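Engineer: Have a look at this prediction, sequence included:
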There are 2 protein chains.
Amino acid sequence: MKSTIYDIARLAGVSTATVSKVINNTGRISDQTRERINRIMEDLNYRPNVLASAMKGKSTYQIAFLIPDIDNPIYAQYLKHIEAYGQELGYNIVLCSTDNDFAKETRHITLLRQRRVDGFIIASKFKNDELLKQLVEEGFPIALFAHERPGISIDSVTVDDYMGGYLASKHLHSLGHRKIGVVGEDSISSDERIRGYKFALSEANIPVDNKLIVVGGATLQEAEQSAAVLLDSEDRPSAIFGCNDILAIGVMQAAKARGIRIPEQLSVIGFDDTPLCSIVSPRLSSISLPVRELGKHVTDIIISKIEHSDTVKQRIRLLPELADRDSTAPVNM
Amino acid sequence: MKSTIYDIARLAGVSTATVSKVINNTGRISDQTRERINRIMEDLNYRPNVLASAMKGKSTYQIAFLIPDIDNPIYAQYLKHIEAYGQELGYNIVLCSTDNDFAKETRHITLLRQRRVDGFIIASKFKNDELLKQLVEEGFPIALFAHERPGISIDSVTVDDYMGGYLASKHLHSLGHRKIGVVGEDSISSDERIRGYKFALSEANIPVDNKLIVVGGATLQEAEQSAAVLLDSEDRPSAIFGCNDILAIGVMQAAKARGIRIPEQLSVIGFDDTPLCSIVSPRLSSISLPVRELGKHVTDIIISKIEHSDTVKQRIRLLPELADRDSTAPVNM
DNA sequence: ATGAAAGCGCTAACAA
DNA sequence: TTGTTAGCGCTTTCAT
């Protein structure tokens, strides 16, 4: 049978209070008893029951990570770093898929609170604003990841999507492209990226043509359909900005299906710089995110909220960079 | 403040025992009190504290899922289905990366047991045999996923790797290839797949040439190096079987770097049939796994062990299928 | 420096 | 049908 704090206390000839103190490094204990207790704990391979200590208000050392969709490799990347860094600090990650579904996210949150997870990292475009606000008000450790909610006062760690959209479009423009299409999806990040695109155009004195902006589904297939609208128009763009790599790859496939050569006849650029970029051909230019740093930042924020009930709110926004590869080239007139 | 079972009891004018009984649907309670209690719980939005009930020996409704490496999309796929199905049954997934590291896996397991997770699904090539055996002996709910350990009596859910290797090689052979290379990695699955390959050859009366079998690292880059050995030999194979999609894509890239056209000059086939297959060009032929069913099976096994302390052991082995795409073609002599 | 004891929120055996 | 009560394993005041 697993040994308890009572076993240790009995064997050491002390009270459980004393044992508890050496476990938690609190109160004053003589070096002698401390050592004796430590030895006995080692001998019995004693591990405190986290449940019991959590019941007394201590943490469970669990952080929930909510994502919309594991299929997009960028989430796997996020997960990877958050898990790795959390692990270093003694925290486990409870992973939950929300599928961007209002009911699912709500259910998850209530369930996870019952489980007494210590905090939430939310990387999905959370729909239940009320719940979010409520959690924040209660002071529950929570942080948004990879997407912001301008209206709510809540911690967040994101990449500067606006900047990234600008960078991507600017790159295209610097290659001589003036007719630049966009394939986006329905999300705040995507919107921001498109705002950046528009700014790049306006900076170059190119009027924004809304027919060049197609916002559709997030899957590869849906992206192909969105791209089709652009590609099949009589006066098709010479370059397309996909608001994430999946979308951009959808564009590539649509182009390929139409015999449009990349980058000779069409430049394509993505966003996120996932490992997919080096796997497709031509290799996809993209906007790269400091994934590890993003992960480290949220984890740090959440944990400092958990451990020091830190209350200051912050919005950390890291800057993306251009990852220039083979899918973008000077415009061919 | 969160309400407790005491609040409910007080408001309903009954004892906590009664409330507990309606929560857990045990004992006999009059419809009248049951309804009254239920109403009050609804009104207060009462949620039982899982920690407290877990302390009384009930489950935590958490299953740990150990994987070696999130970078291979097949693990993301597994994760996706296990999470989704677990979610349906009220279980959360605690995700842990082991990086195939003995120390890490050991640390994880002990930590997770402290956390009182209900069971383990292990999808990494687990190194600590002793620990594994010990867990099994203790009757701890545990199942191996996507890889077996012939030596240990333990539940497992896998795909028939041998069969898959056979299928892949047979397909290549049926296209007229006789000089077929293999790029594998250091894992039991990979070994099995190679055994299947050998069987396909022997069935076709082709002698096995060990120089055609290269076992190396698991990353894309390492796969390229493995492929190089094959591709740069004076008498290079006309087809290569990559023991998973990443490896196969490494082969494709190595071929591309050498100006070897696929499938005209080299046929390539992978294993796992990840979404990557449709993204590379030419689209990669592969061996497809019934991923959803695999996930459902392990989850079911683990949960039945948890809930009915089911003790019969089973090895479920599902059959893979050929997914024929554009990277394989008749040999060109 | 150490211990006694109350209690976290729940369950279950036993009584009534 | 319902209630009393003794824990689960730990933390934490308050004494000593």
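Structural biologist: Thanks, I have it. Source: prediction; values computed, not measured.
Engineer: May I have the phi/psi pair for residue A:107?
Structural biologist: phi -60, psi -40 (degrees, to the nearest 10).
Engineer: Which residues of chain A lie near DNA strand D?
Structural biologist: For chain A, the contact set with DNA strand D under Cβ under 7 Å from any atom of the strand comprises A:2, A:4-6, A:16-17, A:20-21, A:23-24, A:26-27, A:48-49, A:52-53, A:55-58. Where you see a C-beta, it was placed from the backbone N, CA and C, and this is true even at glycine.
Engineer: Got a quick ChimeraX command for the buried subset of those?
Structural biologist: The buried residues among the residues of chain A next to DNA strand D can be selected in ChimeraX (16 or more other Cβ atoms under 10 Å in any protein chain shown) with this line:
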select /A:4,5,20,21,23,48,49,52,53,55
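Engineer: Please identify the residues of chain A in proximity to DNA strand C?
Structural biologist: Residues of chain A lying near DNA strand C by Cβ under 7 Å from any atom of the strand: A:13-18, A:21, A:27-30, A:32-34, A:52, A:55-56.
Engineer: Just the ones in helices from the residues you listed, please.
Structural biologist: A:16-18, A:21, A:32-34, A:52, A:55 (DSSP state H).
Engineer: Which residues are in contact with residue A:116?
Structural biologist: By Cβ atoms under 8 Å, 6 or more residues apart in numbering or on different chains, residue A:116 lies in contact with A:54, A:60, A:62, B:49-51.
Engineer: hmm, try it at 10 Å
Structural biologist: Applying Cβ atoms under 10 Å, 6 or more residues apart in numbering or on different chains to residue A:116 gives the contacts A:51, A:54-55, A:57, A:59-60, A:62, B:49-52, B:54.
Engineer: how close does it get to residue A:60?
Structural biologist: Distance of residue A:116 to residue A:60, computed by Cβ to Cβ, to the nearest Å: 5 Å.
Engineer: and if you look at residue A:263?
Structural biologist: Counting by Cβ to Cβ, the separation of residue A:263 from residue A:60 is 51 Å.
Engineer: Keep the ones in helices among the residues of chain A next to DNA strand C, but drop any that are not near chain B.
Structural biologist: Near chain B, judged by Cβ under 10 Å from any Cβ of the partner chain, the entries from these are A:52, A:55.
Engineer: Can you tell me which of the ones in helices among the residues of chain A next to DNA strand C is nearest chain B?
Structural biologist: residue A:55 (5.3 Å; Cβ to the nearest Cβ).
Engineer: give me the number of residues near the spatially closest residue to that closest one that is not a sequence neighbour?
Structural biologist: Excluding the flanking residues, the one nearest residue A:55 by Cβ to Cβ, 6 or more residues apart in numbering or on different chains is residue B:51, at 5.3 Å. When neighbours are defined as other Cβ atoms under 10 Å in any protein chain shown, residue B:51 has 19 of them.
Engineer: average model confidence for stretch A:10-24?
Structural biologist: Computed over stretch A:10-24, the mean pLDDT rounds to 94.
Engineer: And the closest residue to DNA strand C within the stretch 201-333 of chain A, how far from chain B?
Structural biologist: Residue nearest to DNA strand C within the stretch 201-333 of chain A (Cβ to the nearest atom of the strand): residue A:309, separated by 17.6 Å. Look at residue A:309 and chain B: by Cβ to the nearest Cβ, to the nearest Å, they are 17 Å apart.
Engineer: With residue A:151 instead?
Structural biologist: Residue A:151 is 25 Å from chain B, by Cβ to the nearest Cβ.
Engineer: That residue: what's it in contact with?
Structural biologist: A:129, A:132-133.
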